[in-house]
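Asker: Dropping the sequence and predicted coords here.
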Amino acid sequence: MAMRHRFVVLVLCALASSWALRAEPSFADAARASDAIGRAFAQQLSNVQVESSGVVEKVLKDDNAGSRHQRFIVRLASGQTILIAHNIDLAPRVGSVRVGEPIAFCGEYEWNDKGGVVHWTHRDPSGRHRAGWIRYGGHLYQ
C-alpha cells in the first residue's frame, strides 16, 4: 500500500509541475519580460532571446516572400508594440488570432525603429538555435 501511495504522490507532483510550466505568466512576470524587451529596444540590441506576453493589437497578412511567416502586432504590458513573425513553413499556424486576445511567446528579438520583431518562435529543425514557441488560446505552437 505504501508503494502505491508513493506512486500516486509522484504522479500528482509530476502533473502539478507540468501544469505550473504551462500556466500563463502573471501580469508582474509580463511586465518584467516586457521591460527586458524595452531595454533591448532602447539599446538597439538584436539577437536577444526573449519570453513575454501581451495582447494582440493587429493581425497582418502573411509574409509569403521566402519562408512564409504569419504576422501580428502585440502590445506588451509596458505599452510597447512588437511584430511577431511566426514561420509557418516550420511550425503550425497559430489558430484564429484575434485582436484583443492575450498571447505569450518565446523567440529572438531583433531591433527596429518601430519596436522590434520577434522571430524564431518555433523549433529549429537543425537543432542549432534555442526553440521558441507561441501560447495562444490554450494551445502551444512550436
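Answerer: Now that the structure is in, tell me what you want to look at. Residues are numbered from 1 along each chain as shown.

Asker: So which elements touch the helix or strand Lys58 falls within?
Answerer: Assigned by DSSP states H and E, Lys58 belongs to strand 48-59. Here strand 48-59 touches helix 27-42, strand 69-76, strand 102-110, going by 3 or more C-beta pairs under 8 Å, 6 or more residues apart in numbering; DSSP states H and E. All C-beta atoms are positioned from the backbone trio N, CA, C, and that covers glycine.

Asker: how about the ones you listed, which one is nearest His86?
Answerer: Within the helices and strands packed on strand 48-59, the stretch nearest His86 is strand 69-76; the backing value is 4.5 Å (C-beta to C-beta).

Asker: Parallel or antiparallel, list what pairs with the next helix or strand after that closest one.
Answerer: As assigned by DSSP H and E, the chain's next helix or strand after strand 69-76 is strand 81-87. Take DSSP bridges as the rule and strand 81-87 pairs in its sheet with strand 69-76 (antiparallel), strand 117-119 (parallel).
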